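**Student:** Based on what follows, work out the 3D shape:
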Amino acid sequence: MKTVAILDYGMGNLDSVARAVEECGGNPLVTEDPGSIAKAASIILPGVGAFADGMRELRARGLDSVLSEEAVEKKIPLLGICLGMQLLARKGNEGGETEGLGLIGGEVRRLQPDTPEARIPHIGWNEVELECSCPLFSGIPSNTDFYFVHSYHFYPDRDEAVVARTPYCGRFASCIQRENIFGVQFHPEKSQRPGLTLLRNFLAL
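**Tutor:** Numbering: from 1, shown residues only. This next block holds a predicted model:
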């Protein structure tokens, strides 16, 4: 059974992510200890809240450098969920312009309604349209619905980083990838069977 480090920096729905990982056959370890993170087979960076607060909490615990070492240097699989995906960016604009982890090139911007019906925050089920193949979506068809709760989105520097988009507020990037580093704007732990399939695929990396 693979140990999955779920990073505790005070801003994640840790229990639901841990339960989902356990249901998918993983051994969830909720931790902020660098030594424990270094021993894990993969890492999940969850998150709920504002970009600036998230980066402040990661840096206060020294987790920014841990993530860079494990994901970039050691190539440990890393999955950012919701705010966790956004923190992978070069910078964010929620709570003031703030430097991000810089693990995938891009910045985090507020969603901009493109129709009178569009509401911010974006809450509920919506399609995830695949733009390229990705191991996270093995066995998951394009246009499958996942569950979202967010007001900001990842705007990539390069389209090559985009795995999938969602048709809301201008088709924002809902999944990104750089080698072993992945980010999903939706909540797989709240997305029923498709979400659990995605987490199983991540555990299999």
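
**Student:** Now residue 76: closest residue in space that isn't a chain neighbour?
**Tutor:** The shortest distance from residue 76 to any non-neighbouring residue, by C-beta to C-beta, 6 or more residues apart in numbering, is to residue 70 (4.5 Å). Just so you know, the C-beta spots here come from the backbone N, C-alpha and C atoms, and that holds for glycine as well.

**Student:** give me every residue that touches that neighbour.
**Tutor:** For residue 70, the contact set (C-beta atoms under 8 Å, 6 or more residues apart in numbering) comprises 37, 38, 43, 76, 78.

**Student:** tell me the two of these that are most distant?
**Tutor:** Distances among the contacts of residue 70 were taken as C-beta to C-beta; the most separated pair is 38 and 78, at 12.9 Å.

**Student:** So residue 151 is in contact with residue 111, correct?
**Tutor:** Yes - under the criterion of C-beta atoms under 8 Å, residue 151 makes contact with residue 111 at 5.9 Å.

**Student:** From residue 176, how far out is residue 62?
**Tutor:** Going from residue 62 to residue 176 by C-beta to C-beta, to the nearest Å gives 25 Å.

**Student:** show me what contacts residue 155?
**Tutor:** 106, 107, 108, 109, 172, 173.

**Student:** same thing with residue 30?
**Tutor:** By C-beta under 8 Å, 6+ apart, residue 30 lies in contact with 6, 8, 14, 18.

**Student:** Need those residues in a markdown table (columns: neighbour count, secondary structure and distance to residue 99).
**Tutor:** As requested, these are exported to a markdown table (neighbours: other C-beta atoms under 10 Å; DSSP: H, G, I helix; E, B strand; the rest coil; distance: C-beta to C-beta, whole Å):
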| residue | neighbour count | secondary structure | distance to residue 99 |
| --- | --- | --- | --- |
| 6 | 26 | strand | 24 |
| 8 | 17 | coil | 22 |
| 14 | 19 | helix | 25 |
| 18 | 21 | helix | 29 |
